[in-house]
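Trainee: Next input, structure requested:
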Amino acid sequence: MEEKPKPIFKEISLPIYFIEENGQVTAHTPVLDLATCGKDFDEAKNRFAEIVVIFFEELFKMGTTEEVLEECGWKKVDKKPFKWEPPRIIGQLTEDFKVPRPV
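Mentor: Model prediction:
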């Protein structure tokens, strides 16, 4: 039986947004559309770190890394195995809007 190659780990930087709602903290990165939650900031952050590794391990196992990253808007910048750049987040705003409400 032929042994599958093991992944080589590479460090990547991801933007992560943390949102508190209903007593839980959600951690989300829009550049992978990946999210998880925890009872507080630290738990959400730790779970997020775990889910990112699991996500990439699964992509590697399934052989779909390039396909999924391209679908998420990443760009391959070199022929090397993992020279990819995530989409750039160019801003974040909190704005007020007038919206209709029930009477």
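
Trainee: continuing past the helix ranked longest in the chain, what's the next helix or strand?
Mentor: Ranked by residue count and defined by DSSP state H, the top helix of the chain is helix 41-62. As assigned by DSSP states H and E, the chain's next helix or strand after helix 41-62 is helix 65-71.

Trainee: could you say what helices and strands that following helix packs with?
Mentor: On a contact count with 3 or more CB pairs under 8 Å, 6 or more residues apart in numbering; DSSP states H and E, helix 65-71 meets helix 41-62, strand 75-76. Using the backbone N, CA and C atoms, a C-beta is placed for each residue, glycine as well.

Trainee: Least confident of those, on average?
Mentor: Least confidently modelled of these is strand 75-76, at a mean of 90 by mean pLDDT.

Trainee: That strand pairs with which strands?
Mentor: strand 84-85 (antiparallel) (DSSP bridges).

Trainee: Residue ranges in this protein under the pLDDT threshold?
Mentor: Applying pLDDT under 70 to the chain flags residues 1-9, 81.

Trainee: Check the gap between residue 93 and residue 39 for me.
Mentor: Per CB to CB, to the nearest Å, residue 93 is found 29 Å from residue 39.

Trainee: correction: residue 98
Mentor: For residue 98, the distance to residue 39 equals 35 Å [CB to CB].

Trainee: what's the answer for residue 64, then?
Mentor: Distance from residue 64 to residue 39, by CB to CB: 32 Å.
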